[in-house]
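Student: this one's structure only:
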């Protein structure tokens with residue numbers, strides 16, 4: 001049953017509509033957005049947390065039908081340059097708190113062109129289904145024939161059944177079997193873009209939703225074309241005239257070049273973060289990829305996300321016996337997690353492992369760090385070989401390749417691996433060997449060498465994460481392998497003074513800018529904050545209160561995430577780091593002897609946010625943000 005609500009307002013930038021799909025009752029509603037909510041929460045991540053907080057009990061089981069799953073775009077999704085982001089928001093089965101993740105490519109743009117800003121999926125289907133959106137036509141279709149398929153085959157089959165120009169977001173077997181590290185893939189394996197971190201794929205699997213396919217052929221209106229044109233050229237100048245530029249470096253080398261950069265700084269996580277220096281880094285580096293596996297730019301570049309000048313995902317092909325295959329990437333985070341954290345020194349093997357992860361639909365960061373945890377447990381004698389089924393030492397690539405499909409099937413030791421490293425380590429009595437915050441695995445910058453990033457890891461609402469406040473870009477200004485630029489020049493990455501204020505600022509900015517407007521944050525790293533505020537207002541015609549108002553919106557979004565987590569059962573005690581980073585000095589390299597002084601930075605951070613000593617927002621702050629209950 002499909003019902004449409006008539007439009008009452010004129011919308012620019014936004015389409016003004018969203019889809020609500022009730023799987024339990026097989027009911028579809030197309031509703032108009034609330035203008036007040038859009039202004040207060042901007043879009044994408046902000047819209048997701050607002051609707052999730054209003055409409056579900058944060059204490060509900062993440063894998064129950066009470067949880068909701070939201071695909072959301074931003075007001076600049078569909079606009080050049082790099083307006084290609086879509087957000088997925090739900091309660092995380094991995095952390096028990098908020099899960100929100102950005103994915104590029106084309107899916108979000110296609111949703112906007114179909115005439116919708118976001119989709120709310122609720123309830124649970126009786127049998128496997130996929131959702132087909134073709135402009136005004138919205139349909140729930142049978143997906144029993146797709147169940148059990150990998151993401152590559154699923155994407156091909158759905159496109160054959162719908163429209164070859166459509167774009168699809170799907171889950172693999174890991175999502176179907178509700179592995180807590182499962183993600184959502186768009187683009188299949190060859191051109192995979194992942195909404196990772198937090199177990200989004202498991203939530204769709206719990207609802208028996210295999211995929212969402214979208215085809216859109218409409219336009220998006222701009223409020224002030226003249227101001228829009230001016231803002232557009234400002235953003236293109238960041239690309240054309242680097243000062244220096246992150247985007248230019250990404251275009252030339254792809255993110256895999258960060259391997260050498262991080263290793264030179266002594267912050268490349270190695271063998272489950274036991275050290276930040278990898279003696280075999282050159283064997284999994286961007287330089288080796290360029291020499292041996294990259295399909296050169298002139299021959300076949302990586303497919304850029306919509307309207308992006310960088311095309312940072314390089315195209316690679318492996319012909320080494322046993323590891324054959326072609327795909328975009330690999331990206332730095334995937335290579336570091338699946339390679340350095342696990343002690344692998346064979347890039348061809350690592351690239352195959354990443355392709356396998358994309359096909360079964362698991363987050364490569366969490367999966368790699370979970371393997372690293374299992375290997376340390378094994379080498380220290382805590383994990384018996386009879387349980388693992390393998391001699392699971394660091395560097396055993398054959399074992400890793402055998403176990404990845406078992407994660408998707410939740411079979412044998414793969415069942416424990418699919419739970420993530422915290423539950424795995426806890427099962428064997430040593431949770432301290434899980435490199436997680438709020439049970440989510442660390443990305444690949446050892447926090448002992450970037451103290452502001454360490455504070456962000458500890459306090460980010462979705463768990464250990466660098467994208468919610470990439471403070472390390474500012475801290476590492478002088479070490480610019482990729483040329484990250486920031487106003488905070490000459491910041492000492494090992495200092496702790498001023499890091500609380502820097503972290504808060506970037507978390508709030510990320511919430512409205514990186515995560516809610518719909519543009520790729522690699523490009524936004526280049527931009528002045530005021531320029532983005534001007535661009536947003538030229539497109540939407542809405543008064544967000546200028547840059548100050550948007551920073552307040554970012555603080556509102558971040559704080560509402562926090563309130564969701566508190567209601568879900570997380571507390572200030574979860575704003576911490578593993579003892580490895582707090583008590584074990586870095587054993588070697590440029591940052592030898594360093595630990596994270598979180599006990600000094602965290603109270604200052606709480607004070608700046610107007611939170612109490614337990615990390616609970618004060619009533620005056622909630623009233624200021626319009627979040628009082």
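Tutor: Now that the structure is in, tell me what you want to look at. Quick caveat, the model's predicted, so the values are computed rather than measured.

Student: what ranges does the stretch 401-550 of the chain have for its strands?
Tutor: 436-437, 440-441 (DSSP state E, counting those that start in this stretch).

Student: three-state assignment of residue 21?
Tutor: Following DSSP: H, G, I helix; E, B strand; the rest coil, we place residue 21 in the strand state.

Student: thought it was touching residue 139?
Tutor: No: Residue 21 lies out of contact with residue 139 (CB atoms under 8 Å); the separation is 10.1 Å. (Glycine included, C-beta is placed from N, CA and C.)

Student: any common contacting residues for those two?
Tutor: residue 131 (CB atoms under 8 Å, 6 or more residues apart in numbering).

Student: which secondary structure element is home to residue 600?
Tutor: helix 598-608 (DSSP states H and E).

Student: pLDDT on that helix, on average?
Tutor: Averaged across helix 598-608, pLDDT comes to 98.

Student: give the buried residues for it.
Tutor: 598, 601, 602, 604, 605, 606 (16 or more other CB atoms under 10 Å).

Student: before we move on, what about stretch 132-145?
Tutor: Those buried within stretch 132-145 under the rule 16+ other CB under 10 Å are 132, 133, 134, 138, 140, 141, 143.

Student: all the strands of the stretch 51-200 of the chain, residue numbers only.
Tutor: 69-73, 86-91, 98-103, 118-122, 129-134, 137-142, 167-170, 184-186, 193-195.

Student: closest to residue 492 out of the ones you listed?
Tutor: strand 98-103 (29.7 Å; CB to CB).

Student: how close does the residue nearest to residue 41 when sequence neighbours are not counted get to residue 224?
Tutor: Using CB to CB, 6 or more residues apart in numbering and skipping the chain neighbours, the partner closest in space to residue 41 is residue 50 (4.8 Å). Separation of residue 50 from residue 224 (CB to CB, to the nearest Å) stands at 26 Å.

Student: these two - which one has more neighbours?
Tutor: It is residue 50, of residue 50 and residue 224, that has more neighbours when counted by other CB atoms under 10 Å, with 22 against 15.

Student: who does the spatially most central residue of the chain bridge with?
Tutor: Geometric centre of the chain, nearest residue: residue 101, 4.0 Å, by CA atoms, centre = their mean. Note on residue 101: beta-bridge partners residue 88, judged by DSSP bridges.

Student: need the contact list for it.
Tutor: By CB under 8 Å, 6+ apart, residue 101 lies in contact with 87, 88, 183, 184, 195, 196, 197, 198, 200, 462.

Student: do you know how far the first one is from residue 533?
Tutor: The spacing between residue 87 and residue 533, counted by CB to CB, is 20 Å.

Student: what's the answer for residue 99, then?
Tutor: Residue 99 is 28 Å from residue 533, by CB to CB.

Student: now do residue 610
Tutor: In terms of CB to CB, residue 610 sits 24 Å off from residue 533.

Student: now swap in residue 173 and tell me
Tutor: Distance, residue 173 to residue 533, by CB to CB: 43 Å.

Student: was I right about the residue nearest to residue 41 contacting residue 561?
Tutor: No: at 10.4 Å, residue 50 and residue 561 do not qualify as touching, with contact defined as CB under 8 Å.

Student: show me the contacts for the closest residue to residue 613 other than its chain neighbours.
Tutor: Distances taken as CB to CB, 6+ apart put residue 606 closest to residue 613, at 6.7 Å, once the chain neighbours are dropped. Taking CB under 8 Å, 6+ apart, we find residue 606 in contact with 572, 612, 613, 615.

Student: and the angle from the longest helix along the chain to strand 86-91?
Tutor: Longest helix of the chain, by residue count under DSSP state H: helix 546-568. The directions of helix 546-568 and strand 86-91 differ by 30 degrees, with axes from the mean of the first three to the mean of the last three CA atoms, to 10 degrees as the criterion.

Student: which regions of the stretch 51-200 of the chain lie under the pLDDT threshold?
Tutor: By pLDDT under 70, the low-scoring segments of the stretch 51-200 of the chain are 189.

Student: if we go to 80?
Tutor: 188-191 (pLDDT under 80).

Student: same check, this time on the stretch 401-550 of the chain
Tutor: Counting by pLDDT under 80, the stretch 401-550 of the chain shows low-confidence ranges at 468-490, 522-526.

Student: swap the cut-off to 70 and go again
Tutor: Using pLDDT under 70, the stretch 401-550 of the chain drops low at 469-470, 472-490.

Student: just the helices in it please.
Tutor: Listed in chain order, the helices of the stretch 401-550 of the chain (DSSP state H, counting those that start in this stretch) span 413-417, 421-427, 451-459, 471-475, 499-509, 521-524, 529-540, 546-568.

Student: for the third one, what is the distance to the chain centroid?
Tutor: This points to helix 451-459. How far helix 451-459 lies from its chain's middle: 17 Å, per CA atoms, centre = their mean, to the nearest Å.

Student: over to the longest one?
Tutor: Taking CA atoms, centre = their mean, one finds helix 546-568 lying 18 Å from the centre of the chain it belongs to.

Student: which helices and strands does the helix or strand that the helix holding residue 600 is followed by pack with?
Tutor: Next along the chain after helix 598-608, taking DSSP H and E as the criterion, comes helix 619-625. If you count contacts as 3 or more CB pairs under 8 Å, 6 or more residues apart in numbering; DSSP states H and E, helix 619-625 packs onto helix 546-568.

Student: now the helix it packs on: buried residues?
Tutor: Buried residues in helix 546-568 (16+ other CB under 10 Å): 547, 549-566, 568.

Student: before we move on, back to that, PyMOL command to pick out the buried ones of the contacts of residue 606?
Tutor: The PyMOL selection below is limited to those of the contacts of residue 606 classed as buried (16+ other CB under 10 Å):
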select buried, resi 572+615
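
Student: dump the contacts of residue 606 to TSV, plus pLDDT.
Tutor: As requested, these are exported to TSV (pLDDT from 0 to 100):
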residue	pLDDT
572	97
612	98
613	97
615	98
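
Student: now residue 275: how far from residue 620?
Tutor: 45 Å.

Student: of these two, who's got more company?
Tutor: Set residue 275 next to residue 620 and count neighbours by other CB under 10 Å: residue 275 wins out with 19 against 10.

Student: how about the contacts made by that one?
Tutor: Residue 275 touches 586, 587, 588, 589, counting by CB under 8 Å, 6+ apart.

Student: how about 10 Å then?
Tutor: Residue 275 sits next to 266, 268, 269, 340, 446, 586, 587, 588, 589, 592 when contact means CB atoms under 10 Å, 6 or more residues apart in numbering.

Student: what's the answer for residue 188, then?
Tutor: Per CB under 10 Å, 6+ apart, neighbours of residue 188: 150-156, 159, 168, 170, 327, 358-359.

Student: which among the residues you listed gets closest to residue 122?
Tutor: residue 170 (19.3 Å).

Student: hey, what's that closest one bridged with?
Tutor: Beta-bridge partners, per DSSP bridges, of residue 170: residue 185, residue 211.

Student: neighbours of it, how many?
Tutor: By the measure other CB under 10 Å, the count of residues near residue 170 is 30.

Student: and for the one 10 residues further on?
Tutor: If you count neighbours by other CB under 10 Å, residue 180 ends up with 26.

Student: domain assignment for the protein?
Tutor: As assigned by automatic domain parsing, the chain contains the domains 2-215, 255-434, 452-625.

Student: got CSV for the ones you listed, with distance to residue 235 too?
Tutor: Listed next are the domains of the chain as CSV, based on distance: least, CB to CB, whole Å:
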stretch, distance to residue 235
domain 2-215, 5
domain 255-434, 9
domain 452-625, 6
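
Student: do you know which of those domains lies nearest residue 234?
Tutor: Nearest of the domains of the chain (CB to CB): domain 452-625, 5.3 Å.

Student: now residue 605: closest residue in space, sequence neighbours ignored.
Tutor: residue 500 is the one closest to residue 605 (CB to CB, 6+ apart), at 4.1 Å.

Student: ok so, going back, from the contacts of residue 275, which two are the most distant?
Tutor: 340 and 592 (18.0 Å).
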